[in-house]
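Q: Build me a model:
(4 chains)
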There are 4 protein chains.
Amino acid sequence: MGFSAAVAGASGYAGGELLRLLLAHPEIEIGAVTAGSNAGTPLGQHQPHLTPLADRLLGETTTDTLAGHDVVFLALPHGQSAAVAASLPEDVLVIDCGADFRLTEAADWQRWYTGDHAGTWPYGLPELPGQRDLLRPARRIAVPGCYPTVSTLALLPAVAADLVDARDVVVVAASGTSGAGRSAKPHLLGSEVMGAMSAYSVGGTHRHTPEIEQNLRLVSGSPVTVSFTPTLAPMPRGILATCTVRVRDGVDTAAVREAYARAWADEPFLHLLPEGAWPSTAATLGSNAVHAQVAVDDRAGRLVAVAALDNLTKGTAGGAVQCMNLALGIAETTGLGTVGLAP
Amino acid sequence: MGFSAAVAGASGYAGGELLRLLLAHPEIEIGAVTAGSNAGTPLGQHQPHLTPLADRLLGETTTDTLAGHDVVFLALPHGQSAAVAASLPEDVLVIDCGADFRLTEAADWQRWYTGDHAGTWPYGLPELPGQRDLLRPARRIAVPGCYPTVSTLALLPAVAADLVDARDVVVVAASGTSGAGRSAKPHLLGSEVMGAMSAYSVGGTHRHTPEIEQNLRLVSGSPVTVSFTPTLAPMPRGILATCTVRVRDGVDTAAVREAYARAWADEPFLHLLPEGAWPSTAATLGSNAVHAQVAVDDRAGRLVAVAALDNLTKGTAGGAVQCMNLALGIAETTGLGTVGLAP
Amino acid sequence: MGFSAAVAGASGYAGGELLRLLLAHPEIEIGAVTAGSNAGTPLGQHQPHLTPLADRLLGETTTDTLAGHDVVFLALPHGQSAAVAASLPEDVLVIDCGADFRLTEAADWQRWYTGDHAGTWPYGLPELPGQRDLLRPARRIAVPGCYPTVSTLALLPAVAADLVDARDVVVVAASGTSGAGRSAKPHLLGSEVMGAMSAYSVGGTHRHTPEIEQNLRLVSGSPVTVSFTPTLAPMPRGILATCTVRVRDGVDTAAVREAYARAWADEPFLHLLPEGAWPSTAATLGSNAVHAQVAVDDRAGRLVAVAALDNLTKGTAGGAVQCMNLALGIAETTGLGTVGLAP
Amino acid sequence: MGFSAAVAGASGYAGGELLRLLLAHPEIEIGAVTAGSNAGTPLGQHQPHLTPLADRLLGETTTDTLAGHDVVFLALPHGQSAAVAASLPEDVLVIDCGADFRLTEAADWQRWYTGDHAGTWPYGLPELPGQRDLLRPARRIAVPGCYPTVSTLALLPAVAADLVDARDVVVVAASGTSGAGRSAKPHLLGSEVMGAMSAYSVGGTHRHTPEIEQNLRLVSGSPVTVSFTPTLAPMPRGILATCTVRVRDGVDTAAVREAYARAWADEPFLHLLPEGAWPSTAATLGSNAVHAQVAVDDRAGRLVAVAALDNLTKGTAGGAVQCMNLALGIAETTGLGTVGLAP
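A: Numbers count the residues shown, from 1 in each chain, chains lettered A, B, ... in the order given. Below is the predicted model of the structure:
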């Protein structure tokens, strides 16, 4: 095994998923696993599925514990990544699963997150045009948010091919509860979420909104505005994003399907479903795959693009490992499956 | 107890919910319960929760079995209601939970359902302006579809007050699986739907679309077009509808909240949540309540209206009983709760 | 409305269920609603389904706030009921949903709960032989635990009729997560419990064990020992208890069914399913009903009795209201349904 | 890739899981995939997660289509395996996931399954004492049932070490719905199973009972009788089995834990949890692992052994691949994970 990896934030959901993937990765040896308030306890207490690492004690998230690895994954609360990253040598690959370095505009950061903007790192969505070339040499990578990953990918081929007018994008996404992290809040209790759909951040206030716009703006000739509403679904994992945008005159389903098929022909993780098939999060569970279905609603003049993925895998940890593979010169798909766990 | 009621289609989910509500209704005595292929079997075999009716044998859905009741509820597959209704006296109250008599335009029927249009009955959504006056004397009532009920109610005050431009409505709704009925299809098996969100009718092909447009058109000064995408959520009951529409210049959240508060001040089942609260289907479970949250997304120029209800109660059987109460001269809320079963 | 009721612990699940039932109870007016750390906040923030009480401010759980009601329900953490009850007049009906006053033997209390035994109140399981006569005049009532309610009822007719040898009872019960209360612990998060069954208190250490034994001992001629293992099921509500016990020689399924049918002939909430039917928690959801199925396994020489109920309704708050009805001289079934919410 | 594999019954849940595992197996090339009534349709229509095989047409399950492979997996309805197996050469490895060849006694077969006993093949539970030596040379292997796998493994070390008296074993197991297969029956609809626990085969009538007894009898000095009650849990996958049996005098938790630790020291898939930890099906999801917790209930005189696994993986398809590895001379753990998908 050629590379050693440390995971900071190993007792959370993103950290657990990183370790699950890294345990199966043939080129990686797992080094330090660290945590905040859980430091000093065995990993098995928090991640009972990771039996090969059950007896590993969680260390403190410090420069000392993270030093000496080829790659360091940060799965920390917002605002904590900058200090940790600054303490690590520049030639160490640091991959941040948090939001701190995703936005390119300081004004966006201040508006949506408040406080000082830590900066901008190469954005870890390899499927953006030209992005792989930026990620291969990078030693600092900001992994996208889960909603921006699925929403961007769902719309990218249509926006890039100028088949739509991106000024009035509407995204409604349903996420499994692990997207909210492992914080023990009453509204995330099983008793509250099972058997219930709920909406939050109603009115376009979710922080992932500017990130979706930033991504689409990269490939759009026109301005981009996104109305984004997240909903909470009674399932542990998975996001289903329903994205609609006005189509340009004369664009029909066939033209859209052709654009997606062409754009994704060589993408290992992006899968356009056959006409008539339903995207389901179950088919992507635990894999790095994105399944999408697209169709033009002639009456309404809108493209409807629906995409499904696993928020912890392609939406976070799998995306991070994909970026790591690129940056370490390993085949991009190494250690990442395309077949979900279903039923 | 003043009135006798028959239920045709008693072995399905809508029929079961009708019987659950009617059992608790102080003015109703349950008469004939009938079914299609399940005729001849005891009701308890199909509806194990309805223990007071467990030994009732399901009759055939014929004129003979349905005759002699004050009210007849039809919970039949599409296309079967017209013949049954025609065989019943004109002074018997017939309430159809199916789609046959909902649409006012024959052209819409032919486009979305194909075949001959059976006709149009008074539409059983009492919260539409002036509708209660039409329903009180009616002896034939068409209960709205579950998606149209929630989508219409979510948008109605904004459209009626001309706060929005209804030409580009986008609705994305997540429904529990009981909305698909009790047909034993593989994609509705628990193994397939649990832990999964999926989308269907992608591209604006769901038959409830023209019904939503028809309702909004009643109160809108401008043309109405709806892009509607339904999704299937891993829960037995409930719909959460996220509805967005472009707001007119200068309309803000306060103006919208005021319009909703005013419109719903005397509505017994419609509940505008306090600012910052999340609508959740759980809070409406088994009740006839609709919970809604509204906010204007200034950046995107869109109103976001999110509404939750129980698809089998307010979305079908509860709505039907509400109409029955009106038509029989009983207090509108009799036998209908506003408090959901949560957690 | 003849009686006023206060609920202490109104922001928890048991308190919420009490209020849901009391809102629909024709003889009760809801008075004070109090809480611990949530005092001072509106009830609607914690119980979004209880919209008629949404604006009620939660008071402190003190003698002052609870005074002046005909009935006071206590839904408090273990150990807090005694002090509150002592401060209330003896002629006020106090119904405790906690464990403090359930056990008759101080030694049992010290072994299973540790600390001083607060005492013993009339036990609120009306279906125990002769128990209704004890509950009618009582002004202090201890509501049974949810597991003891379902396990006792499942086995009672067989033990009372001496059809079984109660020295080696085995109970394995699956509970919805609301049984664990609203404490925001990581292992109760939706992400952890959805899609998962887990066991806890493995090895007979759950505190409800002595309560089940105490109940069965009341009607058994022989000693009683119970091996009890609780499991956590991915659902908000409901308990399914599978209870097995060795049958005496010659006892067959017919004899057992006859004993149950006879014992439950006049019980309004206990329902023996037809042969071949499966008990399901869904059929009892939100109701005060218990559904049971019984059969003798000749090969293994054991009776298998499986019972389902809603842990928050018949298992806690519904049982409490049933006791209240008895003690206030109201018809026992008032305000309590027997029809569950299904599907 | 050294070996070619065919899967008969590829459109069902067991067949889908076999293909999921074989796609990731480095030594296997997937050959024919066949089905019954689904023959002629593309695999992707039935198994949307298996995108690499989406366009494969399902063949008929005939000698011709299955011929020419190194290994043939049968995931067929009971009673169909014998004829298919008889038509395949003796040196082809045939692994049957059905029940036809599991039981050693014709009398047991006739009692529990009725009809003629097809015969007995080497039993595919490598963890039974000495069983690996029987499986390595075998060319016909009968994979155990899912309940027998988990129940046998949960009790095996205690029975083998004579710590318990196996004459009165009680097993209560909760299974995800995929255990019932992909048959579209109303009681398996999502609307019926979500939010509900139910019991079936109450009274010891489930066909897996004699298989559990047969396994334990192999290592027990005393007679074995099992009271087995299966329950249906609201989750797609997973079984949690709670197994209790009377302990011999003087046996305590420490002695039992020591026996399990010793017995499983070299078992790659069997994992004894630390004291106090809860077994959860989530931790084993999609993996071939079994997690168990054991403790002696001194008061009740019973060992409680609780075990969790994924019914489709270790309980069916993973067990089958484990056997294949042994019989083909591949390392036993090849292509099989021990880390489940959690949360």
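
Q: where do the helices sit along chain A?
A: A:13-23, A:63-66, A:81-86, A:106-112, A:131-135, A:146-160, A:190-193, A:209-219, A:253-263, A:318-328 (DSSP state H).

Q: For the nearest residue to A:A295 once chain neighbours are set aside, which residues are in contact?
A: Nearest residue to A:A295 in three dimensions, chain neighbours excluded: B:G203, at 2.7 Å (CB to CB, 6 or more residues apart in numbering or on different chains). All C-beta spots, glycine's among them, are computed from the backbone N, C-alpha and C. Contact analysis of B:G203 by CB atoms under 8 Å, 6 or more residues apart in numbering or on different chains lists A:T253, A:A295, A:V296, A:D297, A:V304.

Q: A:E105 versus A:Q80, what's the distance?
A: A:Q80 sits 22 Å away from A:E105, going by CB to CB, to the nearest Å.

Q: same question, A:I330
A: In terms of CB to CB, A:I330 sits 32 Å off from A:E105.

Q: Of these two, which one has the most company?
A: Counting neighbours by other CB atoms under 10 Å in any protein chain shown for A:I330 and for A:E105 shows that A:I330 has the greater number, 18 against 12.

Q: quick one, what contacts that one?
A: A:I330 is in contact with A:E27, A:M324, counting by CB under 8 Å, 6+ apart.

Q: pLDDT wise, what is the residue nearest the centre of chain A at?
A: For chain A, the residue nearest the mean C-alpha position is A:G315 (2.8 Å; CA atoms, centre = their mean). With respect to pLDDT, A:G315 has a value of 98.

Q: again, but for A:G221
A: 77.

Q: quick one on the thing from earlier: figure out which of the helices of chain A is closest to chain C.
A: Taking CB to the nearest CB, helix A:190-193 is the member of these nearest to chain C, at 3.7 Å.

Q: now what about that closest one, what contacts it?
A: Contacts of helix A:190-193 (CB under 8 Å, 6+ apart): A:177, A:186-187, A:232, A:234, B:280, B:282, B:342-343, C:13, C:176-178, C:180, C:182, C:188-190, C:192-194, C:234, C:236-237.

Q: and the stretch 51-200 of chain A, which residues reach chain D?
A: Neighbours of chain D within the stretch 51-200 of chain A, by CB under 8 Å from any CB of the partner chain: A:T51, A:P52, A:A54, A:S178, A:M194, A:G195.

Q: Tell me which of the helices of chain A sits nearest to C:V247.
A: With respect to C:V247, and counting by CB to CB, the nearest of the helices of chain A is helix A:190-193 at 37.2 Å.

Q: just to revisit the earlier point, emit the PyMOL select command for whichever of the residues of the stretch 51-200 of chain A next to chain D are buried.
A: Under the burial definition 16 or more other CB atoms under 10 Å in any protein chain shown, those of these that qualify are selected in PyMOL by:
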select buried, chain A and resi 51+54+178+194+195
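
Q: who's in contact with the residue nearest to the centre of chain A?
A: Going by CB under 8 Å, 6+ apart, A:G315 touches A:G145, A:C146, A:Y147, A:T149, A:V150, A:G179, A:I239, A:L309.

Q: what about the third one, how many neighbours?
A: A:Y147 has 24 neighbours, counted by other CB under 10 Å.

Q: What residue, apart from its backbone neighbours, is nearest it spatially?
A: Distances taken as CB to CB, 6+ apart put A:H208 closest to A:Y147, at 4.2 Å, once the chain neighbours are dropped.

Q: Give me the phi and psi for the residue nearest to A:A295.
A: phi 110, psi 20 (degrees, to the nearest 10).

Q: is chain D contacted by stretch A:279-286?
A: Yes - applying CB under 8 Å from any CB, one finds stretch A:279-286 touching chain D at A:S280, A:A282, A:A283, A:T284, A:L285, A:G286.

Q: what about that stretch, start to end distance?
A: 15 Å (CA to CA, to the nearest Å).

Q: swap in stretch A:260-269?
A: Stretch A:260-269: ends 13 Å apart by CA to CA.

Q: I'd like the distance from it to the chain centre, please.
A: On the basis of CA atoms, centre = their mean, to the nearest Å, stretch A:260-269 sits 18 Å off its chain's mean C-alpha point.

Q: can you pull the contacts of A:L153?
A: A:L153 touches A:L125, A:E127, A:L270, A:V290, A:A292, A:A307, A:L309, counting by CB under 8 Å, 6+ apart.
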